[in-house]
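1. Have a look at this prediction, sequence included:
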2 protein chains.
Amino acid sequence: MNARIVIIDDEAQIRRMLRIALKSDGYEVVEAENGEQGLAAVVRHQPDLVILDLGLPDMDGHHVLEELRGWSRVPVIVLSVRSGDREKVRALDAGAQDYVTKPFSVEEFLARIRASLRDYNKPDAPKRLDDGHLCIDLAKRQVCVAGRLIDFTPKEYAVLTRLAQSPNCVITQTQLLQEIWGPGHEQDTHYLRIVVSHLRQKLGDEPAEPRYIRTEAGVGYRLVFREASQ
Amino acid sequence: MNARIVIIDDEAQIRRMLRIALKSDGYEVVEAENGEQGLAAVVRHQPDLVILDLGLPDMDGHHVLEELRGWSRVPVIVLSVRSGDREKVRALDAGAQDYVTKPFSVEEFLARIRASLRDYNKPDAPKRLDDGHLCIDLAKRQVCVAGRLIDFTPKEYAVLTRLAQSPNCVITQTQLLQEIWGPGHEQDTHYLRIVVSHLRQKLGDEPAEPRYIRTEAGVGYRLVFREASQ
DNA sequence: CCGAGTCTTTACGCAATTTTTACGCGTTGA
DNA sequence: TCAACGCGTAAAAATTGCGTAAAGACTCGG
């Protein structure tokens, strides 16, 4: 989960300071001391964010940003001693997420990094289970069986996704009843049997030899998933 | 294409300057001179960006941001005379996209607005949906059905486009009510039913087997789109 | 100040979902 | 062997939520 950050800056001092600050915040850091190295590092390490100094020895920082934007939309925070409007406008319009002028406060800089990562990495958790036959898309709230979209009632969907959250693990009856029907329904196990029955019908599961929802007698249920992706 | 921007600032001078600069760049501008007015304006005008001054007469700017983030993810650029790290870190971590210290360069400020608008409107949000029968153009704010332009009331349009921003995903009733009717209306689900009813009529959708707006009972609604083009 | 358009309130028929009730089947243990 | 128990299924009854219409309240521009 630790974000990876590429620093492109020719000053070893700045790199050192940033590296220490970033690592202590749990980021993975990759350093590059010129534009060419920087672009190579972005290709190689696929970072979640890039810190780019405009004053590089081999090529103009604006040029680096321009080239980068030709094939990547990774968020870039530009760093510069130059504080002229023109520079800032140019960098921001070229696709930089933010522009920070040296000298800067480390705390503020880290906060700007957090903001960039947060805002950019929004579509990050498309949780999905798919084994070719059954596909559960938690983000879209959609379930397919053999390519067919299936409709579920709220309770049915809740039970199925609760099981899907911990594939291949037994979820106890009490747990399911408490979490879905609310406290005070721990004894109503027949609700569960009915819902599971409907689920198996819609999933094309035979209760004698169920492919997906296995019964653990007296305990609870388990969703069996072979090729579970993350 | 014209983005709408809400300015929340108590100083008429600053508002005036921003208004002139923003309008000359083609933005639609709405002004508010305190926090309460500002929040109301965001609910009412559904802006694409918010400019928020931290020094407001009625409530703390941080508090405004906090409340706003409870129900909206519209990008916010914070404006302040205070330049302390703590302030900046707090605002950025609370969900601000950017933090600009007064006095500031108008050119730079406009560039930061362009950057925020550009970066925020990127994630998986197609500006235009078209399946041959229904065409939703979010940029032009136009909707066609079978080649005919359709008129919608503001609420109808807001619901439709909110659904269109995440095609094929369920948007919960609470989400729709909070984002469009504002906080405090989470329970008024019948508003939604009425608006959806009107939308289906205008879209030529039968509620029994809806082609476009599908009901997820007890949860929310989903805009079904097969051939979503760019 | 008025009227058109919009939003809110109110009301009611209908459909879907949940809960209740009932019954058959296999396993287990006395 | 058979009674008790947990499970699965199928129906009903009850409850909840949905869709629509229509009337009153509100807003805004002229």
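-> Arrived safely, thanks for sending.
2. got the buried residues for stretch A:161-177?
-> Neighbour-count burial for stretch A:161-177, counted by 16 or more other C-beta atoms under 10 Å in any protein chain shown, picks out A:T161, A:R162, A:L163, A:A164, A:P167, A:V170, A:I171, A:Q173, A:L176, A:L177. For every residue, glycine as well, the C-beta is placed using N, CA and C.
3. Could you pull up phi and psi at the closest residue to DNA strand D within chain A?
-> The nearest approach of chain A to DNA strand D comes at A:S197, 3.2 Å away (C-beta to the nearest atom of the strand). Main-chain torsions, A:S197, degrees, to the nearest 10: phi -60, psi -50.
4. do A:D60 as well
-> Recorded main-chain torsions at A:D60 are phi -60, psi 140, according to degrees, to the nearest 10.
5. Could you do A:D58 as well?
-> When read as degrees, to the nearest 10, the backbone of A:D58 gives phi -90, psi -40.
6. Skipping its backbone neighbours, what lies nearest it in space?
-> Of all residues not flanking A:D58 in the chain, A:N34 sits nearest, at 4.4 Å (C-beta to C-beta, 6 or more residues apart in numbering or on different chains).
7. Neighbours of the one you found, how many?
-> 17 (other C-beta atoms under 10 Å in any protein chain shown).
8. show me the contacts for it.
-> Each residue near A:N34 by C-beta atoms under 8 Å, 6 or more residues apart in numbering or on different chains is listed here: A:I8, A:D10, A:L56, A:P57, A:D58, A:M59.
9. repeat that with 7 Å
-> A:D10, A:L56, A:P57, A:D58 (C-beta atoms under 7 Å, 6 or more residues apart in numbering or on different chains).
10. Just flag the most distant two among those residues.
-> Comparing all pairs in the contacts of A:N34 by C-beta to C-beta, the longest separation belongs to A:D10 and A:D58, at 8.6 Å.
11. quick one, which of these two is more surrounded?
-> Comparing A:D10 with A:D58 by other C-beta under 10 Å, the one with more neighbours is A:D10, at 17 against 13.
12. That one against A:A32, yeah?
-> No - using C-beta atoms under 7 Å, A:D10 is not in contact with A:A32, being 9.2 Å away.
13. Just the CA atoms of stretch A:35-54, as CSV, please.
-> Below are the C-alpha coordinates for stretch A:35-54, written out as CSV (Å, rounded to 0.1, in the frame of the first residue of the first chain):
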residue,chain,number,x,y,z
GLY,A,35,16.0,14.3,-16.6
GLU,A,36,17.0,11.3,-18.6
GLN,A,37,17.5,9.2,-15.5
GLY,A,38,14.2,10.5,-14.1
LEU,A,39,12.2,9.5,-17.1
ALA,A,40,13.8,6.1,-17.1
ALA,A,41,13.0,5.7,-13.4
VAL,A,42,9.4,6.6,-14.0
VAL,A,43,9.1,3.9,-16.7
ARG,A,44,11.0,1.4,-14.6
HIS,A,45,9.3,1.9,-11.2
GLN,A,46,5.8,3.0,-12.2
PRO,A,47,5.6,5.5,-9.2
ASP,A,48,2.4,6.9,-7.7
LEU,A,49,3.9,10.4,-7.7
VAL,A,50,6.8,12.3,-9.2
ILE,A,51,8.7,15.2,-7.6
LEU,A,52,10.4,17.2,-10.4
ASP,A,53,12.9,19.9,-10.0
LEU,A,54,12.9,22.4,-12.9
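14. That stretch near chain B anywhere?
-> No - Stretch A:35-54 stays clear of chain B (C-beta under 7 Å from any C-beta of the partner chain), getting no nearer than 12.5 Å.
15. which other residues reach that stretch?
-> So stretch A:35-54 is contacted by A:3-10, A:18, A:30, A:32, A:56, A:58-59, A:61-62, A:64-65, A:67-68, A:72, A:74-80, A:82, A:87, A:113, A:116-117, A:121 (C-beta under 7 Å, 6+ apart).
16. So what's the gap between stretch A:135-149 and the chain middle?
-> The chain centroid and the centroid of stretch A:135-149 are separated by 20 Å under C-alpha atoms, centre = their mean, to the nearest Å.
17. Remind me which helix or strand A:V29 belongs to.
-> Element membership of A:V29, judged by DSSP states H and E, is strand A:28-32.
18. What residues of that strand count as buried?
-> For strand A:28-32, the neighbour count (16+ other C-beta under 10 Å) marks A:V29, A:V30, A:E31, A:A32 as buried.
19. Can you give me the distance of the last one to A:H62?
-> Meaning A:A32. 17 Å (C-beta to C-beta, to the nearest Å).
20. helix or strand for A:I171, which one?
-> Under the criterion DSSP H and E, the helix or strand holding A:I171 is strand A:170-172.
21. Mind listing the strands that strand pairs with, and their directions?
-> Strand pairing for strand A:170-172, using DSSP bridges, gives strand A:220-223 (antiparallel).
22. is the partner strand anywhere near DNA strand D?
-> No - Strand A:220-223 lies out of reach of DNA strand D by C-beta under 7 Å from any atom of the strand, never closer than 7.7 Å.
23. and that strand, which residues are buried?
-> Quick answer for strand A:220-223 (16+ other C-beta under 10 Å): A:G220, A:Y221, A:R222, A:L223.
24. And for stretch A:133-148?
-> Under 16+ other C-beta under 10 Å, the buried positions of stretch A:133-148 are A:L134, A:C135, A:I136, A:D137, A:R141, A:Q142, A:V143, A:V145.
25. now do stretch A:13-31
-> A:I14, A:R15, A:L18, A:R19, A:A21, A:L22, A:Y27, A:V29, A:V30, A:E31.
26. what secondary structure does the first one sit in?
-> Of the three states, A:I14 takes helix under DSSP: H, G, I helix; E, B strand; the rest coil.
27. And for it, nearest residue in space, chain neighbours not counted?
-> A:I14's closest residue in space is A:D53 (C-beta to C-beta, 6+ apart), at 7.1 Å.
28. do the fourth one as well
-> By the measure of C-beta to C-beta, 6+ apart, the closest residue to A:R19 outside its immediate chain neighbours is A:V29, 5.0 Å from it.
29. before we move on, what about the fifth one?
-> If the residues on either side of it in the chain are set aside, A:A21 comes closest to A:V106, at 5.2 Å by C-beta to C-beta, 6+ apart.
30. Now do that neighbour against A:I113, distance only.
-> 10 Å.
31. neighbour count winner among the two?
-> Legend: neighbour count by other C-beta under 10 Å for A:V106 and A:I113, higher for A:I113 (26 against 14).
32. Let me see the contact set for that one.
-> A:L49, A:I77.
33. Please identify which helix or strand holds it.
-> If you go by DSSP H and E, A:I113 is part of helix A:106-120.
34. taking the mean pLDDT, what do you get for that helix?
-> Throughout helix A:106-120, pLDDT has a mean value of 93.
35. which is the next helix or strand following it?
-> Trace forward from helix A:106-120 with DSSP H and E and the next one is strand A:128-130.
36. so how far is that next one from its chain's centroid?
-> 15 Å.
37. immediately after that strand, which helix or strand?
-> Under the assignment DSSP H and E, the closest C-terminal helix or strand after strand A:128-130 is strand A:134-137.
38. That following strand vs chain B: in contact?
-> No - using C-beta under 7 Å from any C-beta, strand A:134-137 stays clear of chain B, coming no nearer than 9.2 Å.
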